[in-house]
Structure formats: C-alpha cells, structure tokens
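> can you look at this prediction? I've put the sequence above it.
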Amino acid sequence: MIRNRRLSKSIADAGWRRFITYLSYKAEKQGKRLVQVPAQGTSQTCICGADVPKTLAIRLHECNACGRVQDRDIVSAQVILQRALSIVA
C-alpha cells in the first residue's frame, strides 16, 4: 500500500503518529516526558548555530565556524537534544 502514490504519504504519516503514541505512552508509564522536536534542518545545522549545507552522500559534519568534525548523525542528534532542552526550559 505504501507504493500507492495517492496513499503513501497518509500511510507513512499514520505510522509515525502510531509510533509517537506508543512512545508517549511508554514515557508516561516510566514517569518521563516526551518532547516532540521538529527535525527539519538538523543535519544542515551545527551545534554552534552555523549552517553547514551538505548532501546525503556526505557523512562527515565539518563546521567552518567552530571547527567541529564529527559524524553527521551524532551532530544531528545533539542539535535535536539542544532544541528539546530549549523547549522544556
């Protein structure tokens, strides 16, 4: 069904919604708080706030502003954490 051009986005969105519902339930059960952070642009941004444009083929994050050189997924996770903490504060 996901290959259907008309329904694929709706099906994928429903899958993510179900996943968030499960995460929210599990977090509440453990006494934790789930913070939803928009992930747009996290792989193109450095922790220092500088824009670091790159294609999907580039796996290494290299920031000219602060000199950080690290795996792009780790930097993206740190940017998401930074955004979550700013929402909570």
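Nice, I can see it.

> make it CA atoms for all contacts and neighbour counts henceforth
OK.

> against residue 17, how distant is residue 36?
According to C-alpha to C-alpha, to the nearest Å, residue 36 stands 12 Å off from residue 17.

> residue 55: which element?
Using DSSP states H and E, residue 55 sits within no helix or strand.

> I'd like the distance between it and residue 42.
From residue 55 across to residue 42, the span is 13 Å (C-alpha to C-alpha).

> again with residue 28
26 Å.

> all strands for this protein, in order.
For the chain, the strands defined by DSSP state E occupy 60-62, 69-71.

> pull up the pairing partners for the first one, direction included.
When pairs are called by DSSP bridges, strand 60-62 turns out to pair with strand 69-71 (antiparallel).

> returning to what we had before: JSON lines for the strands of the chain, including distance to residue 85 and mean neighbour count?
Shown next, in JSON lines, are the strands of the chain (distance: least, C-alpha to C-alpha, whole Å; neighbours: other C-alpha atoms under 10 Å):
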{"stretch": "strand 60-62", "distance to residue 85": "22", "mean neighbour count": "19"}
{"stretch": "strand 69-71", "distance to residue 85": "21", "mean neighbour count": "13"}
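
> re the thing from before, any shared contact partners between residue 36 and residue 17?
Both residue 36 and residue 17 lack any common contact, where contact means C-alpha atoms under 8 Å, 6 or more residues apart in numbering.

> circling back: got a markdown table for the strands of the chain, with mean pLDDT and distance to residue 9 too?
Below are the strands of the chain laid out as a markdown table (pLDDT from 0 to 100; distance: least, C-alpha to C-alpha, whole Å):
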| stretch | mean pLDDT | distance to residue 9 |
| --- | --- | --- |
| strand 60-62 | 95 | 30 |
| strand 69-71 | 96 | 29 |
